[in-house]
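>>> task: produce atomic coordinates for the following.
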Amino acid sequence: MKKVLLSLLSLLVISSSCNQTTGTLNGHDWVDIGLSVKWATCNIGANSPSDYGGYYAWAETLTKPRYDWSNCFDCKDRNNTEKDSNWGVLRIGGNTSIARDSGCDAAYSNWGGPWRMPTDEEFDELCKKCKWEWTSQNGHNGYLVTGPNGNSIFLPAAGYRWNSFMERGSCGSYWSNSLSSSISRCANNLRFRKDEDHYLTYQQRCVGQSIRPVTE
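Below you'll find the predicted structure:
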């Protein structure tokens, strides 16, 4: 009888662990909102869900004081033209998306281990399977994104950086790990504004944008 009770207790513990919808990895909180991956509750560089956090050029892992083609890691040693044969791939490795352990994934490089940048597909399900509500938290505008299971994340409208800060409080721009398939000097991102839909589009790689990590 005692063995049976212990076995049942073990099953309850395992079931409780499997059903966990929030947690912490490497000191950073995540929430399961009912999609294929768990989403971080904060942007990289943020101290709370409402903080803007840091701004990163695509395939770069550190913030910097200026964002333009002259100091873009993925665009060095080339002219700013689509005729360049190196357009359309990540210059280090020749890939069309950023691998987690490539040294170019800001989520993995800054938060470590299980964290990575989201894919186009993960942003797509965030857009199509969740309820989006424009709101404000701690004085910062953004969207409360509620998943199929009722849990939610807040995505602040941090704007972006093209030398100076642009559209802070009115626009959100979040990098995916993939290059654009239609405009080779660009990479894909999640874009939203208060009076517009939320959708996957693209931005020039040298622009500084937010990154919201995911984990399996």
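>>> the residue nearest in space to the middle of the chain: what secondary structure?
With distances taken as Cα atoms, centre = their mean, residue 212 lies nearest the centre of the chain, 2.9 Å away. Taking DSSP: H, G, I helix; E, B strand; the rest coil as the rule, one finds residue 212 in the coil state.
>>> which ones are touching it?
39-40, 42-44, 118, 153, 155, 174 (Cβ atoms under 8 Å, 6 or more residues apart in numbering). For glycine as for every other residue, the C-beta is placed from the backbone atoms N, C-alpha and C.
>>> can you do 10 Å?
Residue 212 makes contact with 39-44, 46, 53, 107, 117-118, 123, 126, 153, 155-156, 172, 174-175, 190 under the criterion Cβ atoms under 10 Å, 6 or more residues apart in numbering.
>>> with adjacent residues omitted, what lies nearest to residue 22?
residue 31 (5.1 Å; Cβ to Cβ, 6 or more residues apart in numbering).
>>> quick check: bridge partners of that neighbour?
In this entry, residue 31 is beta-bridged to residue 22, residue 39, by DSSP bridges.
>>> right, and it touches residue 152 too?
Yes. If you go by Cβ atoms under 10 Å, residue 31 and residue 152 touch, sitting 7.6 Å apart.
>>> overlap in contacts of these two?
39, 41, 49.
>>> ok, so of those, who is nearest residue 90?
Of all the shared contacts of residue 31 and residue 152, residue 39 has the smallest distance to residue 90: 24.1 Å, by Cβ to Cβ.
>>> so that closest one sits right up against residue 117, yeah?
No. Counting by Cβ under 10 Å, residue 39 does not reach residue 117; the two are 11.9 Å apart.
>>> so the two - more neighbours on which side?
Comparing residue 39 with residue 117 by other Cβ atoms under 10 Å, the one with more neighbours is residue 117, at 27 against 23.
>>> that one against residue 43, yeah?
No. When contacts are counted by Cβ under 10 Å, residue 117 is not listed as touching residue 43 (11.8 Å).
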